[in-house]
Each structure stands twice: as structure tokens, then as C-alpha cells.
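Enquirer: Here is a sequence with its predicted model. Questions after.
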Amino acid sequence: MKNAWTMAELTFKEAARKRLLWMALLVGVAFLLLFGLAEHYQTFGARATPLVRRQIVGTQFLVGLYALNFLVLAMTVLTSVDTLSGEISSGTIQAIATKPIRRDQILIGKWLGFTGMLTVFLILMVGGLTVESYWITGHKAHHILRGFGLMWLESSLLLALTLLFGTIFSTLTNGIIALGLHGLAFLGGWIEQFAFFTNNERAATIGVLASIVMPSEALWRRAAFEMQSPLVGVFGFSPFATAAAPSGAMVVYAAVYAAVSLGVAVRVFSKRDL
Amino acid sequence: MSHGNGLAIRTRALRKTFADKVAVAGLTLQVPRGEVFGFLGPNGAGKSTSIKMLLGLVGPTSGEAEVLGEPAGHVETRRKIGFLPEHFQFYGWLTGYELLQVHGRLHGMPRSRLRDRIPVLLDLVGLSAHRDKRLRDFSKGMLQRIGLAQALLNDPELVFLDEPTSGLDPIGRRLVRDIIKAQRERGATVFLNSHLLSEVEVTCDRVAFIKRGEVLQTRLVEGSADLQTTVTMRVKKVGAEILSGLARWGTWVRLDGERLSFAVANAEVLPEVMRYLTSHGADVFEVIPQRQSLEESFLQIVGDEGEL
């Protein structure tokens, strides 16, 4: 386990040293600033009834989280996409894999390092957004911890999948597959939402099937469902709010999906030639 | 360094195929402990794949390989192994000092030992002045030097060096030679993969000639005993009878006027050959024995067609 920690520390340090984490945080701060300004003007400048204002503020909070979620997912893929495939193709991994460290410890270490970095980022951003929103508008987020957990799981799932594809494919192919799969899940989520409103079972099945192939977007929709105020739920459907929320079973499925992906990644990496 | 059979490496019919390509056909090799062992062969002979199999980076298709008495790739045995990959490179954001720290920690070395050991190694490879420089600012030769330092960090019993002088200037090459010598003196085994035959000739105790992933021949380098010697003489009164008599020592014999040439597998037999010639009435005016160079052996054994 000590070896895995060394790898985790190295991975975390890499992100910090490459200024990647700092740049992401800078983008995050700019994002919070923009969000704060919008919240401020909506609260103090808009000519709307208190009820409409509450709806707008609530929706805006979800919009913020939605954009934040996208930022986290992009960061997940961009930071980890090259870590295995790049080191295998450059031969860097050879100097590590010939040390007294098992292959599973290398991979789990990297996973821990990236997870640690993404968790810190997510805590800062979700925390920042929640505090800012409450401070400016008085909006109290619903089930923020539950929402945070689901967003974290979504990022972990994408990370596990990127690591898995990194053990098999080149960096570019890995990136295309990971983002492509998430795109598929995104489309599936929309199909399911539309199907809910038109009561179309076949279309709903297609949406669910897409979520089974790639459950990442289902986790966001569940997170949005948990965090939205009941009023926003009635408002309608949008990428930010959710009418047809994925079930608890889908969340469990996504967690198992992430764990299995990581397990397969460990197995493939342990067996492959370097 | 107490291990049973006196061998640092032992392989039997080690084979690796990639799809339909045979990288290593069947490597059978024995590397005695404490020796500097040269691994020679043309490009594409399967040298790097063989090293990778011995280190557990590549899994063999069939066959056996034992390193320091354990199956190749055994995780704990790696504590006693050092490895310099060909064209060493590592994370560019680390400094030279940090790189050695990371590798030391992966070896499980305590921080206190690393504090003492790292400056010694940086000094050894001539990088003390660049300890805080990032690897991305290192030249090719500096990378190779820091790679060499990480390979020696744990005082390994067995060091694999894959083309250690690639990218090095003459001073760097000299440094590698001295380091290899120092490793032998402290009792370590060095497995050297190099295509620079002159370098192998001055550093190795024993060499194996590889072609298409098979050992064609293994021989000692030092001392003439095991190397073929070509003898050229200026002689008179040498007839067919004497020539056929010479065949008992020579692998080949040729007479061209007064010039008699033949090759013996062992230079130790030369006095006996001389006695034979004079006792059979031949006049000998000049004797020039010439030990075959490693390069000549290489070309003779491996062939000169090259395999790129």
C-alpha cells in the first residue's frame, strides 16, 4: 500500500507542478466570479415577483452546478488521458515498473492521486458555489452533500474508464472513446427526458439503454434531481433540472460500473507488455 | 550476495512472439554472478525484448527465466536489481534530485539513507551542479547520466544496462566504463546490451552473440584462450605433408608462396605447432599471431547481412 501512496503522491504532485490544478482553479475562480455577478444582478436588479425570483435563483444555481460538472468532467479526462498510454509509449513506465512495486499498485496509486486532486477541486468548486449562492441570494441548496457525492461518482467513473482505455489504446483514441461515450450518455439522457413527457416507452428504453452503456450522465441527472428545489422540478425539463430522475438502482449500477472498470484496468495493465 | 547456483541469470528456451512475428525464438542463457556480461547482436535480434522479459516488463510466450534465483519479474527480487532503459526519460517536471528521491522511495529506501546516497550518486555521474534543474532542461547525455544514477541507487546485485552510452560524449562513455568496472569490483553482475563492440570488448568478461532471438555462441573476452587466433608465417620448405599435418591444430590452413596462414582455436598450442614445423624440416622466418577481435568474431558468427 505504501507503494501505491508513493504513486498517488507523485500523480498529485504532477498535477500541481504542471500548473494544471492551478489553471483549473483559476478557471474555477473566474467561473465563480461570473456566477456571483449574475446572482447579484438577478437578486437586486431584476423586476420580478419574489416567487419568480426564487425560481430563477434556484435554476441559476443548477446552471452553475451544471457548468461546474462539465468543468470537472473535462478536467477528469484531460488530466488522466495520457497518464498510462503516454508513459507506455514513451517508455517512462519501464523505469517504474521494474522497481519493487506491483502493477496494480501503480494503477491504483495513479487512480488515488487523480481522485484526490479531483475531490479537492470538486469540494472547492461546489463549496464555493453553494456558499456564494447563499451569501448573495439567500438560496439554500437542497441535498448538497448527496449531489456532491453523485457528481464525485460521475467523475470517478469517467476516471476509471479513462484509465482502463489508457491501458489498451493510445492517448488520442482513449480521449475520443471516453468523451464519445459521455456524449452518448448525454444524448441518452435527453431521449429519456423527452420520452417521459411524451409517454413514449420505446424511446425511454433507448435512453435507459444508453445509460446502461455509459451511466455518467444519469448520475448528473440524479444529482440535479436531488439538488433542485421542488419549484424548479415543476418548472419543466432542461439539462439543469430533471423531471425523469434515474433510479437508485441506476446509481448503484454506476458505482459497480466504475469499480469494475477500475478492476479490469488493473487486470489488463498487470498482464500487458510494457 | 549468497545465492545457490552461482548464476545471476538463467533462461531456457525463452520465446516471445508478437502476433505472427517471432521476436525471440528460444533464448537459452547462463550469466554467472559477478561478471560483466555483454549481449551482442544485430538490430532486431531480440536483445531489448529479451531484457524486458528478464525484468518482467514483457511476458514470455513460452520457456523459463530465472533472475537471482527467482522467476523473472518477481517483485521482491527487483529490490536487488537496477535497470537503465535505452533512451532513459522520466517526468520532465522533476528535478534530478527529486527523480532519485522518487526512485529511492519506490525501492523502499528510508529517507535518511536517500539523503546520504543521492549526493554520492549525483557526484558519481557528474550532475551535482544540476541537482535542482528540471529534467525537461536536461540534455540527452544528462538524462542518460541521471538514468544511470537511478539504476545504481539501491546498490543492486544485478544491473541491466540497455545501450548505456547512447547519447553520451567520449567523457560520458569513459564514465560508463568506469562505473561498470566499479560495479564488477564490488561484486555486482552487469548485463550490458550494446552495439558498440569496442566498448563491450574493454568492459565485458563474457559475451553472448544473439541472432533472431537465439544465442549463437557465448565466449569469454579476456585472455586469448577462448578466442580464435590467426597466425601468419613466412616459411620455406613446407610441403603438402606438413600442411595436412597442421590440420590437427588449425581450423583452416592456407599456403600462398612463402606465406603460410592458419587459424587456431587456442593460442596455447602455438609452441607445439612451431616444434612440429621445425622438426619436419620447415624453415620459419617470421611468425605473426593475431587474436581475432570481437568485431571479427561478431561478423563471423552473426554474419554481416545485418537485420534492420
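Expert: Yes, it's here.

Enquirer: Who are the contact partners of B:L196?
Expert: Residues near B:L196 by CB atoms under 8 Å, 6 or more residues apart in numbering or on different chains: B:T165. Quick note: C-beta positions are derived from backbone N, CA and C, even for glycine.

Enquirer: What does it show for phi and psi?
Expert: When quoted as degrees, to the nearest 10, the phi and psi of B:L196 stand at phi -90, psi 100.

Enquirer: quick one, strands of chain B?
Expert: Using DSSP state E, the strands of chain B run over residues B:7-18, B:21-32, B:36-40, B:62-67, B:70-71, B:81-84, B:158-162, B:189-193, B:206-211, B:214-220, B:229-236, B:250-256, B:259-264, B:283-291.

Enquirer: Ok, which of these comes nearest chain A?
Expert: With CB to the nearest CB as the measure, strand B:81-84 is the member of the strands of chain B nearest chain A (4.6 Å).

Enquirer: Determine how far the closest one lies from the middle of the whole chain.
Expert: Averaging C-alpha coordinates over strand B:81-84 and over its chain gives two centres that are 15 Å apart (CA atoms, centre = their mean, to the nearest Å).

Enquirer: Residues contacting that strand, please?
Expert: The set of residues external to strand B:81-84 that reach it, using CB under 8 Å, 6+ apart, is A:94-95, A:98, B:55, B:67-68, B:144, B:147-148, B:150-154, B:156-162, B:164.

Enquirer: just the buried members of those residues?
Expert: Restricting the contacts of strand B:81-84 to buried positions leaves A:94-95, A:98, B:55, B:67-68, B:144, B:147-148, B:150-154, B:156-162, B:164, with burial counted as 16 or more other CB atoms under 10 Å in any protein chain shown.

Enquirer: Backbone dihedrals for the residue lying closest to A:R17 once chain neighbours are set aside, please?
Expert: For A:R17, the nearest residue in space outside its immediate sequence neighbours is B:W93; the separation is 4.4 Å by CB to CB, 6 or more residues apart in numbering or on different chains. Main-chain dihedrals, B:W93, degrees, to the nearest 10: phi -80, psi -10.

Enquirer: B:W93: neighbour count?
Expert: B:W93 is flanked by 15 other residues according to other CB atoms under 10 Å in any protein chain shown.

Enquirer: If I look at it, what pLDDT would I see?
Expert: We have a pLDDT of 91 for B:W93.

Enquirer: Find the residue ranges of the stretch 101-250 of chain A scoring beneath the pLDDT cut-off.
Expert: Within the stretch 101-250 of chain A, the stretches falling below the threshold (pLDDT under 70) are A:229-244.

Enquirer: Spell out which parts of it neighbour chain B.
Expert: With CB under 8 Å from any CB of the partner chain as the criterion, the stretch 101-250 of chain A comes near chain B at residues A:I101, A:R102.

Enquirer: Helices of the stretch 101-250 of chain A, residue ranges please.
Expert: Counting by DSSP state H, counting those that start in this stretch, the segments of the stretch 101-250 of chain A that form helices are A:103-137, A:144-166, A:171-198, A:201-213, A:216-227, A:230-235, A:248-271.

Enquirer: which other helices and strands contact the third one?
Expert: Contacting helix A:171-198 under the criterion 3 or more CB pairs under 8 Å, 6 or more residues apart in numbering or on different chains; DSSP states H and E are the following elements: helix A:50-80, helix A:85-90, helix A:144-166, helix A:201-213, helix A:216-227.

Enquirer: For the stretch 51-200 of chain A, which residue gets nearest to chain B?
Expert: Shortest the stretch 51-200 of chain A-to-chain B distance, computed as CB to the nearest CB: residue-wise this is A:K99, at 3.9 Å.

Enquirer: still on that earlier bit, nearest to A:M1, out of the helices and strands packed on helix A:171-198?
Expert: Using CB to CB as the measure, helix A:144-166 is the one of the helices and strands packed on helix A:171-198 that comes nearest A:M1, at 18.5 Å.

Enquirer: Which strands and helices lie in contact with the closest one?
Expert: With contacts defined as 3+ CB pairs under 8 Å, 6+ apart, helix A:144-166 has these neighbours: helix A:50-80, helix A:103-137, helix A:171-198, helix A:216-227, helix A:248-271.
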